[in-house]
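[1] Sequence and predicted structure are below.
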Amino acid sequence: MPQRIFEQYAPGDRVEITFPDEDRDAWQPAEVLRREPPGIWVLAADGREWFMTNTYRIRHQRNDKPQITQI
């Protein structure tokens, strides 16, 4: 059985998120803030928090991407 999103990502993990349906199809850096089953809260580089409940729009950050310095 696949892991649930809150089992795959831990607070402090650097991730990338995207919102293709809102004309923001580029992946942007973010950081996992906390687990709150059935999902996780992430902080985007623009300072907004998002609640993610599935893995379609989130992935672990690649090493060649800039990291968030705001938090």
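    Yep, it's here.
[2] Pull up the distance across stretch 31-50, start to finish.
    Stretch 31-50 has an end-to-end distance of 10 Å (criterion: CA to CA, to the nearest Å).
[3] can you list the residues that contact it?
    Stretch 31-50 is contacted from outside by 4-6, 9-15, 17, 28-30, 51-54, 58, 68, 70-71, using CB atoms under 8 Å, 6 or more residues apart in numbering. Quick note: C-beta positions are derived from backbone N, CA and C, even for glycine.
[4] Please pick the buried ones from those residues.
    The neighbour count (16 or more other CB atoms under 10 Å) marks 4-6, 9, 13-15, 17, 29-30, 52, 58, 68 as buried among the contacts of stretch 31-50.
[5] among the residues you listed, which are in helices?
    5-6 (DSSP state H).
[6] How about the contacts made by Ala30?
    Neighbours of Ala30 in contact, by CB under 8 Å, 6+ apart: 14-17, 42-45, 50, 58, 68.
[7] Restricted to strands, list the residues you listed.
    14-17, 42-44, 50, 58 (DSSP state E).
[8] can I get these in a markdown table with pLDDT and distance to Arg35?
    Formatted as a markdown table, those follow (pLDDT from 0 to 100; distance: CB to CB, whole Å):
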| residue | pLDDT | distance to Arg35 |
| --- | --- | --- |
| Arg14 | 97 | 16 |
| Val15 | 97 | 13 |
| Glu16 | 95 | 18 |
| Ile17 | 94 | 16 |
| Val42 | 98 | 11 |
| Leu43 | 97 | 14 |
| Ala44 | 93 | 17 |
| Trp50 | 96 | 14 |
| Ile58 | 95 | 13 |
